[in-house]
Structure formats: structure tokens, C-alpha cells
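Undergrad: sequence and computational prediction follow.
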Amino acid sequence: SQQGEEDPQALSIQEGENATMNCSYKTSINNLQWYRQNSGRGLVHLILIRSNEREKHSGRLRVTLDTSKKSSSLLITASRAADTASYFCATAPLFTGGGNKLTFGTGTQLKVEL
Amino acid sequence: NAGVMQNPRHLVRRRGQEARLRCSPMKGHSHVYWYRQLPEEGLKFMVYLQKENIIDESGMPKERFSAEFPKEGPSILRIQQVVRGDSAAYFCASSFQGPRYEQYFGPGTRLTVT
């Protein structure tokens, strides 16, 4: 599997429900980031969580990080139709010698229905 | 504050022609990244540049692709002798800090090779 794999690949929920997406990775990281991409548009940075943090909140977003399991989750509470998008996790290497760049996962497509 | 700007938004080239994609980073950002996204896939890192320097080009195909970020003007991704497999969305991103931190994406250039 790739560095930064999201699960599920696709998720369909009703407006008002919570949406949870997971990301697994393989190597040691400095931080993990979540991005959103609306159809046909560029990515928008949502949140960054550092390797020494376990949980972070931003508005309706809650991100957790478990470095022992090499996994992260993104929770969107009280979803809205406007949250319909693809969500990507991206990992930043712990050591710059390991490739000084973000590695993006394959994404979760979220559809929020009215 | 203008965001990351890319042009053109759409580019159609015949096989064998050259494609030039331009990216102007956000004001104050000196780190620029190029990514390629194939349909229904995540982003694949291509190259990381700072002014007048290529820092990491580990994701660039060995032939036909080149990138620059001159002292003055936008960053350019150049694809020579395009082939149908080059058809994709090409995104540029910039950051204030280095590549392990928040990146701001442009709207992308959609290249179609006919």
C-alpha cells in the first residue's frame, strides 16, 4: 500500500450526519495534513497535526493522530452539502533526507446528500 | 492578497507539441511545488523549486519534462513533445515555510493532448 492511504475510498451520508475518514501511512512523520478538493479545483489546506500531538480541532473538523498505529482520522461533524468534496491526507517526512516533500494519499470522496 | 495563480486553466496540445504551464506563487512565498493528478487519483509530486534553484526533482519524468523558477517571473513547467499520457491536471502550490508545512494550491492547468 502507498504512504498515505485513505479509507474509505468513497462515503455517502445525509446532511447533518458526521463523516469520518481514515488515513494510514508507513514511515515516520514530522506532521500529517488534511486537504480538501472540490471537483475540478485546487486543494485547500484544512488542518496540520504534528507528530507530538494526538488531537486537533478546527471548527467542525476534528483530527486525531496515532503514531503507534501510523494512522489518522478526520471527523466532520454536522455535515453540510457544501462539504461534498474529496479529502486527502498528506504526510511530511520526519527527516528531510527521506524526501523533503509531502506525500499525498489517494483520497476519500465524500458526498453529502440533502 | 492574491492566491496562487496558474495559467492557462485549460490547454489543448497535439501530440508532439510543447506545453508551457505557468505558476505565480502567493506573495511572500519562495517555495514552489508542481504536482500532477490523473483522473480519480491523488496528487503525485513532481518537483520542488526555490528561486533559481531546483531543490527536489525526484518526481519528474527523466525525459521531456523540465521546470524553472527564475529570479523574476513565474515558475514554468515545460513538457516537450507531449504524448496522450501527459493528459492530466497539473497543480502548482507554494509555501512560506519549507515543504513540510502548509501548502497553498493554485486552480490547476488541465492539459489535454489530442
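TA: Now that the structure is in, tell me what you want to look at.

Undergrad: what about the residue nearest to the spatial centre of chain B, which helix or strand?
TA: Residue closest to the average C-alpha location in chain B (CA atoms, centre = their mean): residue B:34, at 3.6 Å. For residue B:34, the element it lies in under DSSP states H and E is strand B:31-37.

Undergrad: ok, that strand: who's next to it in the sheet?
TA: The pairing partners recorded for strand B:31-37 under DSSP bridges are strand B:43-50 (antiparallel), strand B:88-95 (antiparallel).

Undergrad: pull out the buried residues from that strand.
TA: Neighbour counts over strand B:31-37 (16 or more other CB atoms under 10 Å in any protein chain shown) mark B:31, B:32, B:33, B:34, B:35, B:36, B:37 as buried. Every C-beta, even on glycine, is put in place using the N, C-alpha and C of the backbone.

Undergrad: check stretch A:22-35 too.
TA: A:23, A:24, A:25, A:29, A:30, A:31, A:32, A:33, A:34, A:35.

Undergrad: stretch B:41-52 too?
TA: Buried residues in stretch B:41-52, counted by 16+ other CB under 10 Å: B:42, B:43, B:45, B:46, B:47, B:48, B:49.

Undergrad: and the first one, what is it in contact with?
TA: Applying CB atoms under 8 Å, 6 or more residues apart in numbering or on different chains to residue B:42 gives the contacts A:4, A:88, A:104, A:105, A:106, A:107.

Undergrad: 7 Å instead?
TA: Going by CB atoms under 7 Å, 6 or more residues apart in numbering or on different chains, residue B:42 touches A:88, A:104, A:105, A:106, A:107.

Undergrad: same check on the last one?
TA: When contacts are counted by CB under 7 Å, 6+ apart, residue B:49 is found next to B:32, B:55, B:67, B:69, B:75.

Undergrad: do the same with the fourth one
TA: With CB under 7 Å, 6+ apart as the criterion, the residues that contact residue B:46 are B:34, B:35, B:36, B:59, B:60.

Undergrad: which one of the residues you listed is nearest to residue A:60?
TA: residue B:35 (27.0 Å; CB to CB).

Undergrad: what bridges to the residue lying closest to that closest one once chain neighbours are set aside?
TA: With sequence-adjacent residues excluded and distances taken as CB to CB, 6 or more residues apart in numbering or on different chains, residue B:35 is closest to residue B:43, at 4.2 Å. Residues in a beta bridge with residue B:43, per DSSP bridges, are residue B:37.

Undergrad: on that earlier part again, can you put the contacts of residue B:42 in JSON lines and add distance to chain B and pLDDT?
TA: Converted to JSON lines, the contacts of residue B:42 look like this (distance: CB to the nearest CB, whole Å; pLDDT from 0 to 100):
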{"residue": "A:88", "distance to chain B": "6", "pLDDT": "94"}
{"residue": "A:104", "distance to chain B": "4", "pLDDT": "90"}
{"residue": "A:105", "distance to chain B": "6", "pLDDT": "89"}
{"residue": "A:106", "distance to chain B": "4", "pLDDT": "87"}
{"residue": "A:107", "distance to chain B": "5", "pLDDT": "91"}
